[in-house]
Structures are given as structure tokens and as C-alpha cells.
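**Student:** One predicted model, sequence on top.
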Amino acid sequence: MAVAQEHAPQTFISKYVFSTDHKVIGLQYILTALFMGIVGSALAVLIRAQITWPEKALVTPENYISLVTMHGTIMVFFVVSLALVSGFGNFLIPLMLGARDMAYPFLNMLSYWTVVPACLLVLASFLVEGGAAAAGWTAYPPLSALPEAVPGSGLGQTLWLLAMALFIASFTMGGLNYIATILNCRARGMTLMRMPLTVWTYFMSAILGVLSFPPLTAAAIMLLLDRHGGTSFFLPEGLVFGNETLPHQGGTPLLFQHLFWFLGHPEVYVLVLPGIGITFDLLATFARRPIFGYRTSVWSLVVVGFLSMIVWGHHMYVTGMNPYVGEYFSIATVLITAPFAVLGLNLVASLWRSRIRMEVPMYWALGTIAVIGLGGFGGLFLATSISDIYFHESFFVVGHFHLMIGVVTVLSALGGTYYWFPKMFGRKMSVGLAKLHFWTTYLPVVAVFALMHFQGLSGLLRRYYDHTIYEFQEAGIGLALPITILVFVVTGSQLVFIYNFFVSMRRGEVASANPWNGTTLEWTAPSPAPHGNWPGALPVVDRHPYDYDPAAPAEADFKPQGTVA
Amino acid sequence: MSTSGAAPRSPAFGLLFYALGILVVAGFAVGWLPEVSSAHGHGIDRVIRYLLLTTGTLFLVGCLVLGRFILTYGRGAPQEGAVLSERTQLLWAIVPVLLMCAISEVGVLVMALPVFGEVYGEPAEDAFEVEVVGKQFEWLVRYPGPDGVLGEVDHDKVHDSRNPLGLVKSDPAARDDIVLRGQLHLPVGRMSIVSLRSLDVIHSFTVPLFRTKQDTLPGYTAFTQFTPEKEGTFELACAELCGLGHYRMQGTVTVQSEEELAQWLSEQEPWL
Amino acid sequence: MSETAALSRPRASDVLFLVLLGVVAMLFAGFTAAYFIRRPAPDWVPIAIPLWSWVGTAVLAASSVTLELARRRESTGLQRVSLLLGCAFLAAQLFSWSGLAQSGIALPSTPHGAFYFMLSAVHGLHVIGGLCALAWVTLSDRPLRLVAAYWHFMGLVWLYVLFLLAS
């Protein structure tokens, strides 16, 4: 059965550039995201510097809002989506399901090479006249529709829209492929209720992604027509710029917000669910016991996914939407805490009567649990429409969403990198550097976003070039300096990770096929996994994914989910 | 098969979560909220404090349990009876579901609904009415003048310096309208209704000490109502990204007694 | 994957196809929401649906019929006819656009017209995609099943769009 390997591509181009191998494509996504992440982090550092030392006027006000806009856009769509959802998803799904590759390898390659020009357009938009898009990552019209409103809404915003269109096309292709692969390409014996939770979260993430992105596509098309075709989908009558009235009439800016958040909210779950899934898998391996409440976790994921699609209005409580509609969104939104709390309980309870092996990936998994708690509870303040009146557009929001779609996702992706690195490259990463990386990342990052919550409570507003001209923001801005120092520490800490990643790739300790004594199927494949994943026949699954026994002798406390004939 | 050798143990890692839980909750418990100065603001602060108390307790308990588990089960001792029956696991899931439904829906329906009535319900009959219009990058305030009626405006007549709101001269109701830049005067202890418009992009009218925030949408009139409780000046800011000058869209709200306000209003010249 | 082919699973191509239909449906659902939110505005002036559009609708319906026959009878000749009818539909749409333009209705003129141009263009792009797929299976002699289903689906989407615009 060495069929697969006979077809393994030989030339450099077909092996590493235009590859159809899910593992190579996964790594391509991860490395692309790493590069975009460096760009996004540089923007973050600039933003922090401006907020902290406004008197130095390090950037101009118009560049500042471009920075804020592009930091958000790059981090949400071109870092977290690419690394966690597209990158790890591609790498893990076939390996964990016992498949040779994705259902549609060519579509997979096409999906990656569609997002590359999107990244280039995003980067190019910094160089055009008027600068990069400056209407916020949410791109609300009229600000995003009219170059008169802000310089970034010239060519920069057009490039932003085109990049988003390419990104959506790529992400949709990826999502279609995930769903087809998960439903069709599972190994013999791999029923849906035997799939690792990581795969379940990618499944939900893909479903949410493909269903929620199209309305945003519709909104983007209408925004493009408003910008360049003279239509008035989102532009009302009587817009006055420089004493001139624009000819638009009849449009409604709220329409865009509805369409945007119909995507925007599920997108949060598209990103955060895989983070939770990876945390579950890491937890099981290093707690050496089965996940507590596998079934309730799966059902919670399904309920969370469903609810996430009917609560988008909670981003719009103070926008002028009918407050009674807002009240519905509020009641529905806070319901999400119920299935989410089940996931939280199952995460914590998975440590009960466990036998913890404190390896490096476990640091990240445990750290992620606390962040899910902190971020999740913070959400209640924003979901309750009445308290959101105070918190809307404050740093409380900034702290909250960074914890959920920034920290949970990045911590779990970093933990996942340490965990699956042996499967990717056949080597382990340096443990000493990894510990240094953990402590210099985790503590500052939690502190940064907790402090931002405090800033929000004290009334600090977001997207401000200079807070110091307001008396009411004095208390909040007092915390800016410690936050900025911690941000510098975190940013520097990632250099340790990047160094460790690239050096260990060549010189790390050689790893066995199953260095962590894991049960899921990827550990039955060689490290690094060859083209086709298993040199011989595919594994056959005969049990649930987390068959650990903390009562058994240490080296015999696990049974792999499947066996390779 | 395995190459991992002796498994690393560090039960002390559990202390991290003890410290994290205590420090974060202590941090939130610091009185960050600025002093409130409007009637409904007390209700909003009450909702916030309720959520701080409930979620803070849960977060602390969660962190302590997490830390405790790591301390106890991080020593590497074999554990019997780790796997509970499916039924027991299902029953355990009911606990967080009921708990969170109770906490969150009590927050929305019991704690917040009365405040909802104050913020969005029927305004008081004797409410003080004023118009605030957002434009890049200032707040324009309009009082109806002696006739008590806001006159007609026309966006074609808008001119930054000459006629910032585009008041129509031919309308007698517009001729006595008072237009001010960035200064809003309101009576103390009486409900104010601010009607909100925008001339260009979306802005958001916020007076943080009043706990009030409402977007101003172009092509649409929004309303916000609140009752200032104390005399004094308060800052007005913009809470929706509106362009490069978003941060300097500053204004002041002066809350004064009815007599002082009447006196002040009578001293203002109509714009036209 | 042949190694797991014996398992009773939905075909990967069927799954992909059905989810793709879901994606397209959600796209038009987004436009529908926009249409109903935009319509009550005071500047809404209805336009008459151009005659060519009705001609195009008939052509598109005919192409669905010929394609269905082609699928059942495995006739490549009928497949080619469907291909031509599909192109004719697109031509009819272009005629309907130029007809509107001649009567003075451009993209920015009225919101109803803007929706007409936009929705017919978005639908047209999906039809072009279908035509490419149809040409590909015709030339490479592959099974017609999913392409035919997609074609019927786009026919239904067009009827829906037309109903939306004309109602």
C-alpha cells in the first residue's frame, strides 16, 4: 500500500510551493500568518507608543486610525484566521481523522494561493495615496464609503475591500474542504462521536464560516458600488463635506452594520472554537485522563455555533437600532454563557483525578483555560445591553475581544505548535527557551488585557489618538504606560519563539512518532508524517479519542485511538 | 515506544492560578467607575456591580479549583475512578447551564430591565428638549429659542462658518434658534431629551459621567434621555470612530439650576 | 479516497456541492435582507423589469429542460444546446441592461435599478461559473450530475431574484 508515496511530488516547486499536501499547505498558512503577525505586531507597538506618548506625536492622526484599522484587519483575518483555522486546521484534520489528505487537495492549494495576493494587497495599501484603510476593521459607512470623510477611504479602502473579497473566497474554499473532509474522509471506525474535539471545533468553525461570510460579501459588493458606482445602499441624504452636499439619498448606514455583524459575530466563534478544541486535546494528553464530558462538550459546541448566528445585534445596542430589538439580542446573547460554561466546566473537570505531566504544551493549555474564563465573563458586561451603554467603544471592549479572539487563539496556537512540532518536523523544540517564552508571554499578556478592562471601567474610550485632553480619561490613561511596557515585553518574547521555531526545525532533539504518548491518530503516523501520512495502510479506529488511564503504570497508561495494520 | 522518560512534575504551577484569580478579582474590585451624575446612571452602575460580583466570584472559584487540581494531581500519583458514567457527566453539565442562565438572565431581566425603562421608556412630560448634531469634528447644539420650536434646516444651506446647521431663513421658527459649538447647557434634576443627528459620518454622543451613549446616524434622528443630578460641567466626547479628528470631538455639558439656565439662554443671540 | 470507499458515507462531492449551495443561498439571503431594509426609503422609485429579462428567463428555463434531458439520455448534443442557451441567457441579460441604460436608468439612478443591476450581475457571475463547469464536463466527458443540479439551482435563484425585483 505504498501507493501514496509513489505519487509524492519530487521537485521543489511541487513539493513546497504549489503543493497539494495538506501538511505543506498548513505550514504555508502558518508561516504566512507568522509574517503577517510580525507586521500586525509592529502596528500594535506603534499604536501603543502613540497612546502612551501623545505629546511626541509619533504618527499623524490619519496614520493613527490607519494603524488601528489595519492592525485589526491583519490580526483577525490574516493572522488568527490563517494560523489557527487554515494553518492548524489543514495540518491536523486529515491526520486526526486518519485520512491521506483533504478531500480536495487541489482546491486546498487554490485556497492558499488565493489568500497570498490578499496579503499582498493589504500590505500594498500602506503605500498608496491617502494611506491604508482608516475606517476601523468594521469599515462602517459613510466613513468607509467616502474619500471626503477620511483620506484612507480612497484607494486604501478599495484595496482593503478587494483583499477581503479574496480572503473570503479563500476561506470559503477552505471551509467547504473541511466539511467535505470531515464528513467523508474519516478512517474506518471513526464515527462522528469518536472525533477528537479539535476536529469537532474545526467542523463547527467551518460551518459557521461558510454560512456567515456570504452576507458580508454582499455588504462588500454594495459598499464597492456605493464607493465607485454612485449608488446609495448605505448612504443617506444630506451628507455634507466641505460645505458641499453629496448627491446620495435614501441609504441606511445601519444596514451595513447588520450585514457586517451577521458575519462578525460568528467569526469570533470561527476563531475561538478551534482554540478551545486544541486546548481540550492538549489537556487530555498531559492530564493523562479522558476528557470530562466529551458528549456535553460536543453538544455545547453545536449550541454555541447556532446561538452565535442569531445574536449579532449585541454589537449595535447604541447605534440607533430599536432598543426592544436590542433587548432580544441581549437576552439571546447572554444565553451563550450557558453552553460556554459547560465547556469551561469540562475543561477544568478534565483535571480532576488526573495525573498531570507538566510538559511545555500543557503550560499553554492550562493558561488558556483561565483566559477563556476571564474573557468569557467579561462578555457578560457587554452582552447586557444596559451595561453596554457605558462600555460600548471603551477599552473594556478592547480588553474583552483581545482576550477571546487574540489571546485564547494565540495561546492555543502556540501550545499547539510546541505540541505538534514533532509531527511537523520530526524534532522537538527547546524546552528551556519554550519556558522562557511562556512566562514572558503569558503573564504580561493577561496583565495587559486585564488592565484594559480596568481602563474601560474607568471610562477610557478606544481609537483615540490623544486621550490626555479629557479630564474623565485621566484615570484610565494612567495605566497606559505599564500596558505599553508589558506589550514591549510580549513582543520581544515572540522573538524567542521565532528563534526556537526555526533553529529547532533543523537542530532540535529528534522526536519519535509519539513523543507525548498521545492517543489520537496523528501519533500513529511517522514524525514527520510523509506524503499520504501513513506509509502503509490507514489506521483503523476502535475506541474514543482520549483513552488514558491515570491508574495504570506510567508508560502503559494510554491506548491509541486506532491501530495501523 | 515512548521517549519522554520521567514526566516533569510542577505542582507549584497551581499557585499561578491562585495568584491570577486573586489578583484579577482584586483588580476589578478597585473602584474604577467614575462618580455617576445622572438618575439612570445609578441603575447602570448597579448592573455593572452585580456582574462584577457574580462573575468575579465565579472566576475566583474557577481559578482556585484549577490551581487546587494542579497542586493535587500534579504530583504524579496514580488516580483511580477518573471516569464517571455518561449519565453523571451529563448531570454535571446541568450545573453550569442553570447557574449561568440564572446569573445572566437575572442580570438582563431583573437588574437591567427597570433601567431599560428609564433609558428608553416614555420621557417625562416636562422634559427639556435640545438638539445636538455631530459633524467632523465638533458638536453643534441647537436650542429652539423663545418660540420653543426647532426651525427648518436644509443641508444645502449648510456652511461651516456662516450657517453650520443650514437654518432656513424663510422659516420664522428657525430665525430665533440658538446654535452653539460644543457647549450644551442643561437643567439639573429635570429630564433632558437630546435629539441627535449627524451631518456626515456616524458619531456617538457620550457623556461618560452620565452613563449615556447614543450614536448619531446621518439621515436619521436618534434620541437619548437622562436626568442630570448635579450642577457642574461635564465632558462630552465622541464614541464612534468618525475620522482623523475623532479624538478631539470634545464638548462640555454645563448643568445648572432652572433659573441660571433660563438666564443664560436669554443672553444667547439667535444664530440668524 | 478509495481506501475508505466501502464505508457508507455521503460522497465528498455531494457534501461539497450542498454546502456550496448553502453559501450561494446565504449570499442571496444577505442581498434579500438589504433589499427589504432599503425598499421603504422615500427615494424608492420602481422600475419596469425589462422585456429582455423575461426572454432571458424563458431561455434559462429551456436550458434547464435540455440539460435535464441531456443528463437522463446521456446526450452530449443536448449538453451543447444547453451550453448555447446558457450563453443566450447572458446575452439577454446584457440586452436588458442596455435597454435600461437607453431608457435613462443607470446604476445610481434609482435604488430599485441598482438592485436590478447588482443582483443580475451577481447571478450572472454564478451562471458564468456554471457555464465554465458545464463546458469542462462536456469537453472532458465527465458526469453531468452535479453540474446539472447546480444549473437548476441557479435557475431557481434567478426566478427568486426576479420575483423579489418584480414583487
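**Tutor:** Right, received. Where do you want to start?

**Student:** which element is the residue of chain C found nearest chain B on?
**Tutor:** Chain B sits closest to C:Ala41 of chain C, with a gap of 9.1 Å, by Cβ to the nearest Cβ. C-beta: built from backbone N, CA, C; applies to glycine. Per DSSP states H and E, C:Ala41 falls between elements, in no helix or strand.

**Student:** roughly how far apart are it and chain A?
**Tutor:** Separation of C:Ala41 from chain A (Cβ to the nearest Cβ, to the nearest Å): 4 Å.

**Student:** For that residue, which non-adjacent residue is closest in space?
**Tutor:** Closest residue to C:Ala41 apart from its sequence neighbours, by Cβ to Cβ, 6 or more residues apart in numbering or on different chains: A:Gly250 at 3.8 Å.

**Student:** And A:Lys435, by the same measure?
**Tutor:** Here the nearest residue to A:Lys435 in space, its sequence neighbours aside, is A:Val360; by Cβ to Cβ, 6+ apart that works out to 6.6 Å.

**Student:** Look up how far A:Asp547 lies from A:Leu31.
**Tutor:** Using Cβ to Cβ, to the nearest Å, one obtains 34 Å as the distance from A:Leu31 to A:Asp547.

**Student:** between the two, who's got more neighbours?
**Tutor:** A side-by-side neighbour count of A:Leu31 and A:Asp547, using other Cβ atoms under 10 Å in any protein chain shown, places A:Asp547 first with 17 against 14.

**Student:** just so I have it, where are all the helices in chain C?
**Tutor:** With DSSP state H as the criterion, chain C has helices at C:12-38, C:51-73, C:76-102, C:111-140, C:145-166.

**Student:** ok, how many other residues are close to A:Ile369?
**Tutor:** A:Ile369 is flanked by 25 other residues according to other Cβ under 10 Å.

**Student:** which residues does it contact?
**Tutor:** Taking Cβ atoms under 8 Å, 6 or more residues apart in numbering or on different chains, we find A:Ile369 in contact with A:Thr279, A:Leu283, A:Gly344, A:Leu347, A:Val348, B:Leu66.

**Student:** looking at these, which has the most residues close by?
**Tutor:** Compared across the contacts of A:Ile369, A:Thr279 has the highest neighbour count, 30 neighbours, by other Cβ under 10 Å.

**Student:** what does the average pLDDT come to for the helix or strand that one falls within?
**Tutor:** A:Thr279 belongs to helix A:253-287 when assigned by DSSP H and E. The average pLDDT within helix A:253-287 is 95.

**Student:** quick check, that helix touching chain C?
**Tutor:** Yes: judged by Cβ under 8 Å from any Cβ of the partner chain, helix A:253-287 and chain C are in contact via A:Leu254, A:Leu255, A:His258, A:Leu259, A:Phe262.

**Student:** immediately after that helix, which helix or strand?
**Tutor:** Next along the chain after helix A:253-287, with elements defined by DSSP H and E, is helix A:294-308.

**Student:** That following helix near chain C anywhere?
**Tutor:** No: taking Cβ under 8 Å from any Cβ as the criterion, helix A:294-308 and chain C are apart, separated by no less than 14.2 Å.

**Student:** That helix: which residues count as buried?
**Tutor:** Burial within helix A:294-308, assessed by neighbour count using 16 or more other Cβ atoms under 10 Å in any protein chain shown, is assigned to A:Tyr294, A:Thr296, A:Ser297, A:Val298, A:Ser300, A:Leu301, A:Val303, A:Val304, A:Gly305, A:Leu307, A:Ser308.

**Student:** give the contact list for the fifth one.
**Tutor:** The reference is to A:Ser300. Shown in contact with A:Ser300 (Cβ under 8 Å, 6+ apart): A:Pro339, A:Phe340, A:Val342, A:Leu343, A:Asn346, B:Ala93.

**Student:** Nearest to chain C within the stretch 101-250 of chain B, name that residue for me.
**Tutor:** Chain C sits closest to B:Gly219 of the stretch 101-250 of chain B, with a gap of 9.1 Å, by Cβ to the nearest Cβ.

**Student:** interface residues of chain B facing chain C?
**Tutor:** So chain B never meets chain C (Cβ under 8 Å from any Cβ).

**Student:** so where do the strands sit in the stretch 151-272 of chain B?
**Tutor:** B:178-181, B:183-187, B:192-198, B:203-207, B:212-216, B:222-226, B:232-238, B:251-256 (DSSP state E, counting those that start in this stretch).

**Student:** pLDDT on the helix of greatest length in chain B, on average?
**Tutor:** Taking DSSP H as the criterion, chain B has its longest helix at helix B:39-73. For helix B:39-73, mean pLDDT rounds to 96.

**Student:** hmm, who's touching whatever helix or strand comes next after that helix?
**Tutor:** Sequence-wise, the next helix or strand downstream of helix B:39-73 (DSSP H and E) is helix B:86-105. With contacts defined as Cβ under 8 Å, 6+ apart, helix B:86-105 is touched by A:292-296, A:300, A:331, A:334-335, A:337-342, A:344-346, A:349, A:380, A:383-384, B:54-55, B:58, B:84.

**Student:** switch the cut-off to 6 Å
**Tutor:** Residues from elsewhere that reach helix B:86-105 (Cβ atoms under 6 Å, 6 or more residues apart in numbering or on different chains): A:Gly293, A:Thr296, A:Val334, A:Thr337, A:Ala338, A:Ala341, A:Val342, A:Leu345, A:Leu380, B:Thr54.

**Student:** Over that helix, what's the mean pLDDT, rounded is fine.
**Tutor:** Mean predicted lDDT for helix B:86-105 stands at 94.

**Student:** Need the CA coordinates for it. PDB is fine.
**Tutor:** Extracted in PDB, the C-alpha atoms of helix B:86-105 (Å, rounded to 0.1, in the frame of the first residue of the first chain):
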ATOM      1  CA  GLU B  86     -22.100   9.200  30.900                       C
ATOM      2  CA  ARG B  87     -25.100  10.000  33.000                       C
ATOM      3  CA  THR B  88     -23.100  11.600  35.700                       C
ATOM      4  CA  GLN B  89     -21.200  13.700  33.200                       C
ATOM      5  CA  LEU B  90     -24.500  14.800  31.700                       C
ATOM      6  CA  LEU B  91     -25.900  15.700  35.100                       C
ATOM      7  CA  TRP B  92     -22.800  17.800  35.900                       C
ATOM      8  CA  ALA B  93     -23.500  19.800  32.700                       C
ATOM      9  CA  ILE B  94     -26.800  21.000  34.200                       C
ATOM     10  CA  VAL B  95     -25.000  22.800  37.000                       C
ATOM     11  CA  PRO B  96     -23.200  25.500  34.800                       C
ATOM     12  CA  VAL B  97     -26.300  25.700  32.500                       C
ATOM     13  CA  LEU B  98     -28.600  26.600  35.300                       C
ATOM     14  CA  LEU B  99     -26.100  28.800  37.100                       C
ATOM     15  CA  MET B 100     -25.200  30.800  34.000                       C
ATOM     16  CA  CYS B 101     -28.800  31.100  32.800                       C
ATOM     17  CA  ALA B 102     -29.800  32.400  36.300                       C
ATOM     18  CA  ILE B 103     -26.900  34.800  36.600                       C
ATOM     19  CA  SER B 104     -27.100  36.200  33.100                       C
ATOM     20  CA  GLU B 105     -30.800  36.400  32.700                       C
END
